[in-house]
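1. quick one: sequence and predicted model below, then my questions.
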Amino acid sequence: MRRFLVVLLAVVGLLAPTVGSAAATEGGDGPPEQWRSYWVDAFNPGIYTPEQVSTLIDDALAVNANALIVQTARRYDCFCNRAVYPRTDAAVAPAPYDPLDEVIAQAHAAGLEVHAWVNVNTMWNSATPPSSPEHVFNQHGPTAQGADRWLNRKVDGTELVGANAYVDPGHPDAVAYIVSAIQSIVREYDVDGINLDYIRYPDGSAQTTHSDWGYNAVSVARFQRATGRTDVPAPADEQWSDWRRDQVTNLVRRIYLGIWEVDPTARLSMDAITYGYGPQSVGGWESTRTYAEVLQDWAGWLDEGIMDTVVTMNYKRNWNVDQARMFAEWSEFLADAQGERQAVNGPALYLNSVADSVSQVRQALAETPAGNTAAGWSGYSYANPSLDVATAGAAAERRRLAEALTTGEDALFAERAAVPEMEWKSRPTEGHVTGELTLRDGTPLDGAEVTLTPVGGRGEPVSGRADGTGWFGFAHLDPGRYVARVDLPDGVVGVPLSTVRVRRGAIAEAHFPPFVARP
């Protein structure tokens with residue numbers, strides 16, 4: 001589907017200039033557009049008290065940042081008070097203090113954007129269970145049975161890696177919870193966007209060419225129904241890998257449209273894997289560890305337009321020759337792959353000296369041979385701003401980094417910059433379609449194919465499939481009328497046709513009455 005959407009956008013002339021290009025960042029009346037942010041993790045101080053937040057804001061302004069990626073939902077616990085996720089047990093100031101509210105208030109007053117960082121598929125990571133009985137680990141973790149058990153599982157039956165527990169993105173109930181929880185943050189808080197982390201399968205597979213994860217019983221049963229197979233697929237099974245990768249993509253698409261439903265201006269970003277060498281050295285994108293091992297197709301999400309901003313976790317040591325090459329390859333690929341969306345280069349401050357980090361910032365923002373430039377920079381992390389924190393201290397190293405980036409004749413961040421505009425959201429020219437397919441008893445038509453055909457021969461049909469809850473969605477379609485048709489499974493009857501009108505910037509719903517399963 002993504003190829004069709006890219007071609008469609010090009011044909012109707014809706015492709016905007018690359019946000020990070022020189023043309024987009026120079027000239028005009030306002031400041032240049034270039035994303036600059038810190039990742040602010042919640043495992044370290046930074047947002048635990050109002051005083052820490054004030055220091056954070058001062059430090060962000062010192063480096064001429066314009067955004068903060070603030071960890072909000074860490075392990076299905078929230079550093080906030082008004083979300084589906086329960087409030088964290090971390091040692092934050094007691095209620096009514098709301099860390100997210102405080103960050104937003106102080107950051108917005110200072111002209112900084114706030115993007116709520118949400119860990120998607122990491123359920124819990126402590127031997128002590130969370131205190132809230134509503135927490136997903138207590139409801140759907142090791143004590144849950146049958147379909148209530150959302151734990152991801154390896155092919156050998158392993159569910160916990162040490163104290164780390166993960167959610168299987170192939171479980172429909174988990175997907176529905178994740179989407180509703182993210183929507184609750186957007187609905188309840190004045191965030192500028194949501195940043196997804198761990199939107200993938202876990203690490204720790206036996207080989208880098210495929211994933212050993214995804215063997216939750218519900219997920220395997222869904223795969224078997226979708227394919228007609230009766231075996232438990234091997235980790236390297238290509239059909240199984242494609243199916244699992246599709247589960248992550250389906251989740252991203254549903255989050256994207258779910259956020260649009262609540263606030264069409266909110267940005268969806270994600271933290272992208274860049275393990276090993278780039279596509280240039282391994283035989284292309286589909287041969288990278290990102291695509292093959294952790295089943296994360298972030299380049300495809302940019303193509304389809306269901307990810308506004310990819311923030312690559314380009315964590316490499318500048319002083320290591322092999323890793324320096326990896327950094328260069330991924331920097332080039334991400335700038336060229338962003339297409340009509342945006343890609344931000346995110347180096348690891350904690351692996352490098354301040355001098356090496358400045359060198360990486362310069363390389364991260366350099367123009368590629370193809371003439372493209374990344375949309376900006378994000379440093380990981382605020383808590384650990386250099387390799388020398390243990391000896392020099394975090395505050396001192398943040399000051400050194402800020403000085404190196406903002407002072408001097410060739411300072412990269414000498415002037416303030418604006419967060420790049422998302423023209424596809426600020427001035428939308430396309431619309432979207434969603435819908436739900438169920439039987440009369442509420443059973444979802446999992447995997448049923450839906451085809452949208454433009455009325456009047458305005459373009460080619462586009463197809464997709466319902467997820468495990470029966471939900472389906474199409475993003476960024478040319479406005480106009482469409483006929484939606486469902487390819488009903490054997491034994492299911494009903495009206496398989498619906499008409500829908502797509503309007504710019506809006507989500508249209510394709511209505512299908514519940515279907516009936518023949519006895």
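-> Nice, thanks for sending it over. Residues are numbered from 1 along each chain as shown.
2. the residue nearest to the spatial centre of the chain pairs with what?
-> Closest residue to the average C-alpha location of the chain: Met270 at 3.1 Å, with C-alpha atoms, centre = their mean. Beta bridges link Met270 to Leu196, Val310, judged by DSSP bridges.
3. for it, give me its contacts.
-> By C-beta atoms under 8 Å, 6 or more residues apart in numbering, Met270 lies in contact with Asn195, Leu196, Asp197, Ile199, Val252, Trp298, Trp301, Met307, Thr309, Val310, Val311. No exception for glycine: its C-beta is placed from N, CA and C like everyone else's.
4. longest helix in the protein, by residue count?
-> Ranked by residue count under DSSP state H, the longest helix found in the chain is helix 238-262.
5. tell me where the stretch 151-300 of the chain has helices.
-> Assigned by DSSP state H, counting those that start in this stretch, the helices in the stretch 151-300 of the chain fall at 172-188, 217-227, 238-262, 279-282, 289-292, 298-304.
6. need those helices in JSON lines with mean pLDDT, can you?
-> Compiled in JSON lines, the helices of the stretch 151-300 of the chain are given as follows (pLDDT from 0 to 100):
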{"stretch": "helix 172-188", "mean pLDDT": "98"}
{"stretch": "helix 217-227", "mean pLDDT": "98"}
{"stretch": "helix 238-262", "mean pLDDT": "98"}
{"stretch": "helix 279-282", "mean pLDDT": "98"}
{"stretch": "helix 289-292", "mean pLDDT": "98"}
{"stretch": "helix 298-304", "mean pLDDT": "98"}
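7. right, and these - which one's nearest Asp490?
-> helix 217-227 (12.1 Å; C-beta to C-beta).
8. which strands and helices sit next to that closest one?
-> On a contact count with 3 or more C-beta pairs under 8 Å, 6 or more residues apart in numbering; DSSP states H and E, helix 217-227 meets helix 238-262.
9. output the contacting helices and strands for the helix it packs on.
-> helix 172-188, strand 193-197, helix 217-227, strand 267-272, helix 298-304, strand 431-436, strand 471-477, strand 507-510.
10. what's the closest of these to Cys80?
-> Nearest to Cys80 among the helices and strands packed on helix 238-262 is helix 172-188; the distance by C-beta to C-beta comes to 7.0 Å.
11. follow-up on the earlier one: deepest of the helices of the stretch 151-300 of the chain, which one?
-> helix 298-304 (a mean of 23; mean count of other C-beta atoms under 10 Å).
12. so where do the strands sit in the stretch 51-200 of the chain?
-> 67-73, 113-119, 122-125, 164-166, 193-197 (DSSP state E, counting those that start in this stretch).
13. adding mean pLDDT, distance to Val455 and mean neighbour count, write those out as a markdown table.
-> As requested, the strands of the stretch 51-200 of the chain are exported to a markdown table (pLDDT from 0 to 100; distance: least, C-beta to C-beta, whole Å; neighbours: other C-beta atoms under 10 Å):
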| stretch | mean pLDDT | distance to Val455 | mean neighbour count |
| --- | --- | --- | --- |
| strand 67-73 | 98 | 41 | 28 |
| strand 113-119 | 98 | 38 | 25 |
| strand 122-125 | 98 | 44 | 22 |
| strand 164-166 | 98 | 44 | 22 |
| strand 193-197 | 98 | 34 | 25 |
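14. which one of those lies closest to Tyr382?
-> It is, among the strands of the stretch 51-200 of the chain and with distance given as C-beta to C-beta, strand 67-73, at 8.1 Å.
15. give me the angle between that closest one and strand 267-272.
-> Using axes from the mean of the first three to the mean of the last three C-alpha atoms, to 10 degrees, the direction of strand 67-73 lies 80 degrees away from that of strand 267-272.
16. gap between strand 67-73 and the chain center?
-> Centroid separation between strand 67-73 and its chain, computed with C-alpha atoms, centre = their mean, to the nearest Å, is 13 Å.
17. ok, now stretch 196-207?
-> 13 Å.
18. coming back round to it: need the strands of the stretch 51-200 of the chain in a markdown table (columns: distance to Arg36).
-> Converted to a markdown table, these look like this (distance: least, C-beta to C-beta, whole Å):
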| stretch | distance to Arg36 |
| --- | --- |
| strand 67-73 | 7 |
| strand 113-119 | 10 |
| strand 122-125 | 27 |
| strand 164-166 | 32 |
| strand 193-197 | 15 |
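19. quick one, which of those is nearest to Tyr291?
-> Once these are compared by C-beta to C-beta, strand 193-197 is nearest, at 17.0 Å.
20. which residues touch that closest one?
-> With C-beta under 8 Å, 6+ apart, strand 193-197 has contacts from 69, 113, 115-120, 122, 182, 185-186, 252, 255, 259, 266-271, 308-309, 311.
21. got it, and stretch 43-57?
-> Under C-beta under 8 Å, 6+ apart, the answer for stretch 43-57 is 40, 68, 70-71, 74, 79, 90-93, 97, 99-100, 102-103, 106-107, 110, 112, 381-384.
22. go through it and flag the buried ones.
-> Pro45, Gly46, Ile47, Tyr48, Thr49, Gln52, Val53, Leu56, Ile57 (16 or more other C-beta atoms under 10 Å).
23. contacts only, for the closest residue to Pro172 other than its chain neighbours.
-> In space, not counting the residues next to it along the chain, Pro172 is nearest to Gly468; the distance is 2.9 Å by C-beta to C-beta, 6 or more residues apart in numbering. For Gly468, the contacting residues are Gly170, His171, Pro172, Val175, Arg222, Pro444, Asp446, by C-beta under 8 Å, 6+ apart.
24. where's Gly468, which helix or strand?
-> Assignment of secondary structure by DSSP states H and E places Gly468 within no helix or strand.
25. re earlier: and the contacts of Met270, which is closest to Pro420?
-> Distances from Pro420 to those, taken by C-beta to C-beta, are shortest for Thr309, at 8.2 Å.
26. and the nearest residue to the closest one once chain neighbours are set aside, how far from Asp308?
-> In space, and not counting its chain neighbours, Thr309 is closest to Ser269: 4.0 Å by C-beta to C-beta, 6+ apart. In this view, Ser269 and Asp308 are 6 Å apart by C-beta to C-beta, to the nearest Å.
27. kindly report the same for Leu387.
-> Leu387 is 32 Å from Asp308, by C-beta to C-beta.
28. enumerate every residue touching the closest residue in space to Ala328 that isn't next to it in sequence.
-> In space, and not counting its chain neighbours, Ala328 is closest to Gln363: 6.6 Å by C-beta to C-beta, 6+ apart. Gln363 is in contact with Phe327, Ala328, Ser331, counting by C-beta under 8 Å, 6+ apart.
29. how about the strands in the stretch 251-400 of the chain?
-> Along the stretch 251-400 of the chain, the stretches classed as strands by DSSP E, counting those that start in this stretch are 267-272, 309-314, 342-347, 376-379.
30. which parts of stretch 509-519 are buried?
-> Ala510, Phe512, Phe515.
31. list the contacts of the second one.
-> The contact partners of Phe512, by C-beta under 8 Å, 6+ apart, come to Gly435, Glu436, Leu437, Ala484, Val486, Gly494, Val495, Pro496, Ser498.
32. now it, what are its backbone angles?
-> Note on Phe512: backbone dihedrals following degrees, to the nearest 10 are phi -130, psi 120.
33. check the one 5 residues further on too.
-> Backbone torsions for Ala517, taken as degrees, to the nearest 10, come to phi -90, psi 120.
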